[in-house]
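Asks: Give me a 3D structure for the following:
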Amino acid sequence: MTNIDKHQAGTPSWFDLMTPDIEKARAFYKGIFGWDFEVNGPEAGHYSLAKVNGRNAAGMGSMPPGAPFPTAWTVYFNVDNADTTAEAIKANGGNVMMGPMDVFEEGRMLVATDPAGAAFGVWQPKKHTGAQVKDVHGSMGWQECHSSDPDKSRDFYARTFKLEPVKLDAPGMDYWTFNRGKDQHGGVMKTQNPPASYWLAYFTVDSTDKAVTAVNSGGGKVIQPAFDTPYGRLAIVQDPFGAVFALVQPPKK
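Replies: Prediction:
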């Protein structure tokens, strides 16, 4: 396990879920990841912080009744200034849907879509600095944009967050990573479900097969069964309320 105290500006720093039944969702994800939860009060909508060894791993909030959007995991990018980022999003062809707005003393946020329609979040940290762990079961593992227009999405994120797009050297696969120096901070590829564009959140697990079993026993669904890749053993699954996410068991070093 690696502890994280601060995320670089322009890099993904947080996953959170909006769900119609937060109590059942907490039970479902605890069964997979073993998360403990710090549940905030009604003034914060009972927003729940998922914990791994006492450190923040992800978040979970209640979806407002009649919400015009589906339950989903959102990938947030860390920034120094949410207001400046909002202007950059619009200048680069994206659309700001909500915010920027303050979240108590925790930070300042917005939700936007890229030019192909993929939704993502932006987080300017104050007290809440994002995920505090990585490389451990139940932590953020990877994030990728499945886009109906991957060229537009690739260029948008590169410009908005000052990331370098690098084509993956994989024959027959058109996949780009977002780099900062030698570090990779996400990827973009053509969606397999056109015209939908979305970000897919991956969680690190000790065993993809055991995690898939927990998904099934908890009332979720398997969209893509576990399979091996050079980057680990992967599976794509869905929680009982329709939120899609991925599991990754890193390859042995």
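Asks: Spit out the contact partners of the nearest residue to G141 once chain neighbours are set aside.
Replies: Closest residue in space to G141, ignoring its immediate chain neighbours: T204 at 3.7 Å, by C-beta to C-beta, 6 or more residues apart in numbering. For every residue, glycine as well, the C-beta is placed using N, CA and C. By C-beta atoms under 8 Å, 6 or more residues apart in numbering, the contact set of T204 is K134, D135, V136, H137, G138, S139, M140, G141, V248, Q249, P250.
Asks: just D102 next, same as before
Replies: Residues near D102 by C-beta under 8 Å, 6+ apart: R108.
Asks: for it, phi and psi?
Replies: Main-chain torsions, D102, degrees, to the nearest 10: phi -80, psi 140.
Asks: Read off the pLDDT value for it.
Replies: D102 carries a pLDDT score of 97 in this model.
Asks: Over to the one 10 residues further on?
Replies: According to the prediction, A112 has pLDDT 98.
Asks: So it belongs to a helix, correct?
Replies: No: looking at A112 with DSSP: H, G, I helix; E, B strand; the rest coil, it is strand, so not inside a helix.
Asks: re the thing from before, could you dump the contacts of T204 to CSV with neighbour count and secondary structure?
Replies: Converted to CSV, the contacts of T204 look like this (neighbours: other C-beta atoms under 10 Å; DSSP: H, G, I helix; E, B strand; the rest coil):
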residue, neighbour count, secondary structure
K134, 15, strand
D135, 13, coil
V136, 19, coil
H137, 21, coil
G138, 24, coil
S139, 25, coil
M140, 23, strand
G141, 22, strand
V248, 19, strand
Q249, 21, strand
P250, 15, coil
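Asks: Which single one of the residues you listed is nearest to Y76?
Replies: The closest of these to Y76 turns out to be M140 (C-beta to C-beta; 10.2 Å).
Asks: Quick check: the closest one touching P12?
Replies: Yes: taking contacts as C-beta atoms under 8 Å, M140 lies within contact range of P12: 7.3 Å.
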